[in-house]
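*Asks:* Predicted model, plus sequence, below.
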Amino acid sequence: MIINIRHGKGNKDRIVRLSENVLELTREYFKLYHPKGFLIEGKGGNIYSASSIWKIFKHAKEAAGIKMKGGVHILRHSYATHIHEDGCDIRYIQEILGHKSSKTTEIYTHVSTKSIQKIKNPIEDVDLTGKNKNIKDHKKIKKLTVICQIRI
């Protein structure tokens, strides 16, 4: 399901995918609390203040045993990083986050160890033990040696 977020961060509108499990929780919440103006309302049906959201997030982190520093905004970074690691194109992430520039989005998509581990080193295809007398391996080694010498 796609939902429209109006007046989000930077007073921008965004469209966001809502997962089925979150949709089910949202329906249960709606039945229980009957919100009028906002899906999740503060006191008197008003919008939650930034300080209230920060306190809720702080208590949730404590309850979960999370010691990492950072506020609610870290969720945005984490979301962008995770969907990028799962193969989502940077242009879609830019649209989801509401960024005008892809440079801004690139800040959110940290290079992770998981991503680096997926990169295959060309040397992995070469028999360095010498047990395989394949002529292709010798040509690859020679080519890699030349590349290394040029880059050094």
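*Replies:* Structure received.
*Asks:* pLDDT averaged over the helix or strand harbouring Tyr29 - what is it?
*Replies:* For Tyr29, the enclosing helix or strand under DSSP states H and E is helix 20-33. For helix 20-33, mean pLDDT is 90.
*Asks:* List the contacts of Val16.
*Replies:* Ile2, Ile3, Ile5, Ile96 (Cβ atoms under 8 Å, 6 or more residues apart in numbering). For glycine as for every other residue, the C-beta is placed from the backbone atoms N, C-alpha and C.
*Asks:* Which of these has the largest number of neighbours?
*Replies:* Ile96 (18 neighbours; other Cβ atoms under 10 Å).
*Asks:* I'd like the distance between that residue and Glu41.
*Replies:* Using Cβ to Cβ, to the nearest Å, we find Ile96 at a distance of 25 Å from Glu41.
*Asks:* Strands along the protein, start to end?
*Replies:* Listed in chain order, the strands of the chain (DSSP state E) span residues 2-5, 14-17.
*Asks:* mind checking which of those is nearest Gly37?
*Replies:* Closest of the strands of the chain to Gly37 is strand 2-5, at 14.9 Å (criterion: Cβ to Cβ).
*Asks:* The closest one packs against which elements?
*Replies:* strand 14-17 (3 or more Cβ pairs under 8 Å, 6 or more residues apart in numbering; DSSP states H and E).
*Asks:* Partner strands of the strand it packs on and their direction?
*Replies:* On the basis of DSSP bridges, the sheet neighbours of strand 14-17 come out as strand 2-5 (antiparallel).
*Asks:* any idea how far the partner strand is from the chain center?
*Replies:* 18 Å (Cα atoms, centre = their mean, to the nearest Å).
*Asks:* sorry, back to before: would you turn the strands of the chain into CSV with distance to Tyr33 and mean pLDDT?
*Replies:* Below are the strands of the chain laid out as CSV (distance: least, Cβ to Cβ, whole Å; pLDDT from 0 to 100):
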stretch, distance to Tyr33, mean pLDDT
strand 2-5, 18, 83
strand 14-17, 21, 81
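*Asks:* Among those, which comes closest to Lys118?
*Replies:* Between these, strand 14-17 lies closest to Lys118; by Cβ to Cβ that is 24.2 Å.
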